[in-house]
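Enquirer: got a predicted structure plus its sequence, pasted below:
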Protein chains: 2
Amino acid sequence: MQDDTLSRDEDRADAWFRALADSTRRDILRRVLRHEESVSSLARHYSMSLTAVQKHVVVLERSGLITRRRSGRESLARGDAGNLRSASELLTELESGGRDHIARIDELLDEAHDPKE
Amino acid sequence: MQDDTLSRDEDRADAWFRALADSTRRDILRRVLRHEESVSSLARHYSMSLTAVQKHVVVLERSGLITRRRSGRESLARGDAGNLRSASELLTELESGGRDHIARIDELLDEAHDPKE
DNA sequence: CGAACCTACAACCAGAAGGTTGAGCGTGCA
DNA sequence: TGCACGCTCAACCTTCTGGTTGTAGGTTCG
């Protein structure tokens, strides 16, 4: 469970959209895009267990849409605007239905950075 | 087949990103954004059963990212640029903060005792 | 030190996802 | 008419998801 590099581009896109396909995770992402927040602080906003929220944070982290740093006993999460923008641009490219947009999408995926290296 | 209104906005967003979180479905979407294509024609591009591809098309259709029309014995799928744009804009909104949205969600959660129905 | 706090992780569970095969129905055509 | 084609649906299987509870380790502070 620790050795998946999300090597293939399509896998990375899968992870982005899968992470976004849950309203709780989108809400967490909105929050940590504005300011760093700890897992337990995040958990107080939702009517589910701390563990459930922690799992959502892990999903977001592994997708690359957020990063985390340790501060004492807290784990502070922050949104990764770069990767979110890459996901957004991938959609924009789909939207414009460009003929050679597939090559363009490869570019976008290539410039996305891996989570937690 | 169109009585599933996906009433809440968040449910619609869930469906959008869930539909996008699969590389086969993204590929189908790319194709039908360019030109209408039948289910069996789409299926010829992939190494899976017709039924599997048909299910992917149904997922895309129910998410609103594609529409279908009947032509004789064929079911022709076409990408819905409007809803795809909405999904894209939702990401852009996330990207740029979305303060109002968070406030509104907090209100709703404060009122509702049972979120998530 | 001891207590409270934050995080992590394992085990478990119900339900959804993604695939298969097989049957069946409407449509087009030789 | 008969038959191939395109699609749909049901049933089934396996894996993944999203939630739970319980246990435990590291950190802060009285």
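Expert: Done, it's in. Owing to the predicted nature of the structure, the values given are computational and were not obtained by experimental measurement.

Enquirer: okay, CA-based contacts and neighbour counts for the rest of this
Expert: OK.

Enquirer: quick one: low-confidence ranges for chain A?
Expert: Scanning chain A for pLDDT under 70 picks out A:1-7, A:97-117.

Enquirer: residues in it within reach of DNA strand C, list them.
Expert: Within reach of DNA strand C by CA under 7 Å from any atom of the strand, chain A has these residues: A:38, A:39, A:40, A:41, A:50, A:51, A:54, A:73, A:74, A:75, A:76.

Enquirer: nearest spatial neighbour of residue A:92, chain-adjacent residues omitted?
Expert: Among residues not flanking residue A:92 along the chain, residue B:88 sits closest, at 6.3 Å (CA to CA, 6 or more residues apart in numbering or on different chains).

Enquirer: dump the residue contacts of the one you found.
Expert: Listed by CA atoms under 8 Å, 6 or more residues apart in numbering or on different chains, the contact set of residue B:88 reads A:88, A:91, A:92.

Enquirer: where along chain A do the strands fall?
Expert: A:37-38, A:66-71, A:74-79 (DSSP state E).

Enquirer: could the ones you listed go into TSV alongside mean neighbour count?
Expert: Shown next, in TSV, are these (neighbours: other CA atoms under 10 Å in any protein chain shown):
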stretch	mean neighbour count
strand A:37-38	20
strand A:66-71	16
strand A:74-79	20
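
Enquirer: how about those strands, which one is nearest residue B:20?
Expert: Among the strands of chain A, the nearest to residue B:20 by CA to CA is strand A:66-71 (19.4 Å).

Enquirer: just want the most central residue of chain A.
Expert: Centroid check for chain A by CA atoms, centre = their mean gives residue A:65 as the closest residue, at 2.0 Å.

Enquirer: wait, it touches residue A:85, no?
Expert: No - taking contacts as CA atoms under 8 Å, residue A:65 lies outside contact range of residue A:85: 9.4 Å.

Enquirer: now do the top helix by length along chain A against helix B:81-95, angle only.
Expert: Looking across chain A with DSSP state H, the single longest helix is helix A:81-96. Going by axes from the mean of the first three to the mean of the last three CA atoms, to 10 degrees, helix A:81-96 is angled at 170 degrees with respect to helix B:81-95.

Enquirer: got the CA coordinates for helix A:81-96 in PDB?
Expert: Taking Å, rounded to 0.1, in the frame of the first residue of the first chain, the C-alpha atoms of helix A:81-96 are listed here in PDB:
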ATOM      1  CA  ALA A  81      -3.000  24.400  -6.500                       C
ATOM      2  CA  GLY A  82      -0.600  23.200  -9.200                       C
ATOM      3  CA  ASN A  83      -2.100  19.700  -9.500                       C
ATOM      4  CA  LEU A  84      -5.600  21.000  -9.100                       C
ATOM      5  CA  ARG A  85      -4.900  23.300 -12.000                       C
ATOM      6  CA  SER A  86      -3.600  20.500 -14.100                       C
ATOM      7  CA  ALA A  87      -6.800  18.500 -13.500                       C
ATOM      8  CA  SER A  88      -8.800  21.600 -14.400                       C
ATOM      9  CA  GLU A  89      -6.800  22.100 -17.500                       C
ATOM     10  CA  LEU A  90      -7.300  18.500 -18.500                       C
ATOM     11  CA  LEU A  91     -11.000  19.100 -18.400                       C
ATOM     12  CA  THR A  92     -10.700  22.300 -20.400                       C
ATOM     13  CA  GLU A  93      -8.800  20.400 -23.000                       C
ATOM     14  CA  LEU A  94     -11.500  17.800 -23.200                       C
ATOM     15  CA  GLU A  95     -14.000  20.600 -23.400                       C
ATOM     16  CA  SER A  96     -12.500  22.300 -26.400                       C
END
